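Undergrad: next comes the sequence, and after it the predicted model I'd like to discuss.
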Amino acid sequence: MRLTIGICFMVLSMATRVNSLVGITWGRQQTQQLVPSMVVDLLLQNKIPALRLMTSGYDIVEVFADTNISISVTLNNQFVWQANRKELAYAWINDRIKAPINKGVKIVELAVGSEPFSNTFYKDKRYDHVVGVLRLMRQSLDEMGLGHVRTTTGHGMDVLKVTKFPSEADFRDNIKGPMLDLLYEFNKTGTPFLIYMFPIHFVKDVLNYTMEFAFLDNKSGFKIQDDNATYTNAVEFMIDSLAWAIKKAGYPKMKIMVGQIGWPTDGYPHATAKNAERFHKGLLKFLASNKGTPLRPGPIHMFLHSLTDENLCNTTFGAFQRHWGIYQSNGNPKYKIDFSLQDRDDYPTQAKGIVKMPSRWCKFNGDKSNMNLVNKNYYLACKEADCTVLEKGASCGGISSESKVSYAFNAYFQKYKQDIDHCDFEGLGEIVSTNPSTKNCEFPVEILAFQDVLSNGMVLRI
């Protein structure tokens, strides 16, 4: 029997010399974004050497000049058309890659497209033309003297067929052609295969195994026996599943880089700060050991996902998509994590220089005489603002119906920078200075956006 249950004690020793790399991703789909210079400080203070921007970062990337932080930028699927001809590719690279590099930004990678062949997170559309644009970008970079900048494309685990054993893994039949084209390009330039991995989702919704299998310190004793390889956690299982697929495609030595891996803290079963802390603690111990996986022993390069929550992120696949952040959107860390791989039991550095808006909230005034009006305004507020924490099983899912209306009103009010007109709700809203938060449900006060800095009573654009 290949699938076995047994008591498994994982002993992960810290290596004297740490060779694995730990970077972090940063998406910026937030109503109020951190000032980019604060992000630079966070990375430097926490000794995070690499950042993966989920956009091209054209408006903020120059702030990383002379920091020695390695930067990866992304040309997202919907904007690939901006570089689908030679002259367009040259212009894009000149503006988004070459100009920042000339100013001291250490751009080391360009990701052309993001999960273009997904059948889960981005299942509505395929982007086969990404392969041609990647070739064009590679050629253009070389001709412009930027051969050191890698070109790649990030993929989710859904490019693989669902299997119960890593050795059975292969790429999905309906995308095998373009995947082989991409592998050829990666192999030609020595580029690692970039994979996005989310064990919490993979274990629950793909494998349907015990959630303990998602943790590196699996306490259940559940394990997978695949011939001579034993898997006690999903991380090694997922990496080796991909490694087997790449091997079957003819590239047994192609390196694998984990471009995104993380644990959400809300909006999903088992998505809590406590579990996120446990997951990352085990993951970073695993990386520090440099032991690798049964099929791919040795150091692994990973990017933790992500720096902050994104309350504007698309929630088509679930509310948790807005809650990946290790930090809250206001720069406060959610849980303990040691990016240095030294297994210290400390919170990461808090963002410095955060300016919050005044301590005031918008809440429902309690008038229930017209519930149709109340419900209409509740849904209108949630359509514009982030109400994902109010869903069943989420952190605020257990508060009263009246409090949920207040939360929605406040989320809308904060999104629009506490403008008093955005707390009217047809006479149902009121502005208060007493915090309406409960023990398990925080009613946030937003921070000033990085575009808006208060100086001498004036709002300046920066």
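TA: Noted; the coordinates are in hand.
Undergrad: could you pull out the helices for the protein?
TA: With DSSP state H as the criterion, the chain has helices at 36-45, 86-93, 99-102, 130-143, 176-189, 199-201, 234-248, 273-289, 371-384, 401-415.
Undergrad: of all these, which one is nearest Met54?
TA: Met54 lies closest to helix 36-45 among the helices of the chain, at 13.0 Å (Cβ to Cβ). Glycine gets a C-beta too; all of them are placed from N, C-alpha and C.
Undergrad: just the buried positions in the closest one, please.
TA: Across helix 36-45, burial judged by 16 or more other Cβ atoms under 10 Å covers Pro36, Met38, Val39, Val40, Asp41, Leu42, Leu43.
Undergrad: got it, and stretch 42-62?
TA: Buried residues in stretch 42-62, counted by 16+ other Cβ under 10 Å: 42-43, 46, 48-57, 60-61.
Undergrad: one more: stretch 85-103?
TA: Using 16+ other Cβ under 10 Å as the test for burial, stretch 85-103 gives Ala89, Tyr90, Trp92, Ile93, Arg96, Ile97, Lys98, Pro100, Ile101.
Undergrad: closest to Leu295 out of these?
TA: Relative to Leu295, the closest of the buried residues of stretch 85-103 is Ile97; by Cβ to Cβ it sits at 34.0 Å.
Undergrad: wait, that closest one touches Gly147, no?
TA: No - counting by Cβ atoms under 8 Å, Ile97 does not reach Gly147; the two are 11.8 Å apart.
Undergrad: now do the shared contacts for the two.
TA: With contacts taken as Cβ atoms under 8 Å, 6 or more residues apart in numbering, Ile97 and Gly147 have Leu141 as neighbours in common.
Undergrad: coming back round to it: now tabulate the helices of the chain in CSV and tack on mean pLDDT and distance to Trp26.
TA: Putting the helices of the chain into CSV (pLDDT from 0 to 100; distance: least, Cβ to Cβ, whole Å) gives the following:
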stretch, mean pLDDT, distance to Trp26
helix 36-45, 93, 7
helix 86-93, 97, 21
helix 99-102, 98, 16
helix 130-143, 96, 22
helix 176-189, 96, 24
helix 199-201, 95, 20
helix 234-248, 98, 22
helix 273-289, 97, 17
helix 371-384, 97, 24
helix 401-415, 97, 20
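Undergrad: could I get those helices in JSON lines, plus columns for distance to Gln260?
TA: Formatted as JSON lines, the helices of the chain follow (distance: least, Cβ to Cβ, whole Å):
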{"stretch": "helix 36-45", "distance to Gln260": "17"}
{"stretch": "helix 86-93", "distance to Gln260": "23"}
{"stretch": "helix 99-102", "distance to Gln260": "23"}
{"stretch": "helix 130-143", "distance to Gln260": "17"}
{"stretch": "helix 176-189", "distance to Gln260": "18"}
{"stretch": "helix 199-201", "distance to Gln260": "11"}
{"stretch": "helix 234-248", "distance to Gln260": "12"}
{"stretch": "helix 273-289", "distance to Gln260": "13"}
{"stretch": "helix 371-384", "distance to Gln260": "27"}
{"stretch": "helix 401-415", "distance to Gln260": "26"}
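Undergrad: who wins for proximity to Leu207 among the ones you listed?
TA: The closest of these to Leu207 is helix 234-248. By Cβ to Cβ, the value is 7.5 Å.
Undergrad: who are the packing partners of the closest one?
TA: If you count contacts as 3 or more Cβ pairs under 8 Å, 6 or more residues apart in numbering; DSSP states H and E, helix 234-248 packs onto strand 193-197, helix 199-201, strand 229-231, strand 256-261.
Undergrad: figure out which of these is closest to Gly427.
TA: Closest approach to Gly427 among these (Cβ to Cβ): helix 199-201, 42.5 Å.
Undergrad: which strands or helices does that closest one pack on?
TA: Helix 199-201 sits against helix 234-248, with contacts defined as 3+ Cβ pairs under 8 Å, 6+ apart.
Undergrad: ok, 10 Å please
TA: If you count contacts as 3 or more Cβ pairs under 10 Å, 6 or more residues apart in numbering; DSSP states H and E, helix 199-201 packs onto helix 234-248, helix 273-289.
Undergrad: deepest in the core, which of those is it.
TA: Compared across the helices and strands packed on helix 199-201, helix 234-248 shows the largest average neighbour count, a mean of 24 (mean count of other Cβ atoms under 10 Å).
Undergrad: could you check the angle it makes with strand 193-197?
TA: Going by axes from the mean of the first three to the mean of the last three Cα atoms, to 10 degrees, helix 234-248 is angled at 150 degrees with respect to strand 193-197.
Undergrad: can I get helix 234-248 in PDB, CA atoms only?
TA: Provided in PDB are the C-alpha atoms of helix 234-248 (Å, rounded to 0.1, in the frame of the first residue of the first chain):
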ATOM      1  CA  ALA A 234       2.600  19.200   1.100                       C
ATOM      2  CA  VAL A 235       5.500  21.500   0.300                       C
ATOM      3  CA  GLU A 236       7.900  18.700  -0.500                       C
ATOM      4  CA  PHE A 237       5.000  16.800  -2.200                       C
ATOM      5  CA  MET A 238       4.200  19.800  -4.500                       C
ATOM      6  CA  ILE A 239       7.800  20.600  -5.400                       C
ATOM      7  CA  ASP A 240       8.500  17.000  -6.300                       C
ATOM      8  CA  SER A 241       5.300  16.700  -8.300                       C
ATOM      9  CA  LEU A 242       6.400  19.600 -10.500                       C
ATOM     10  CA  ALA A 243      10.000  18.100 -10.600                       C
ATOM     11  CA  TRP A 244       8.500  14.800 -12.000                       C
ATOM     12  CA  ALA A 245       6.500  16.700 -14.600                       C
ATOM     13  CA  ILE A 246       9.500  18.600 -15.700                       C
ATOM     14  CA  LYS A 247      11.600  15.400 -15.800                       C
ATOM     15  CA  LYS A 248       9.000  13.700 -18.000                       C
END
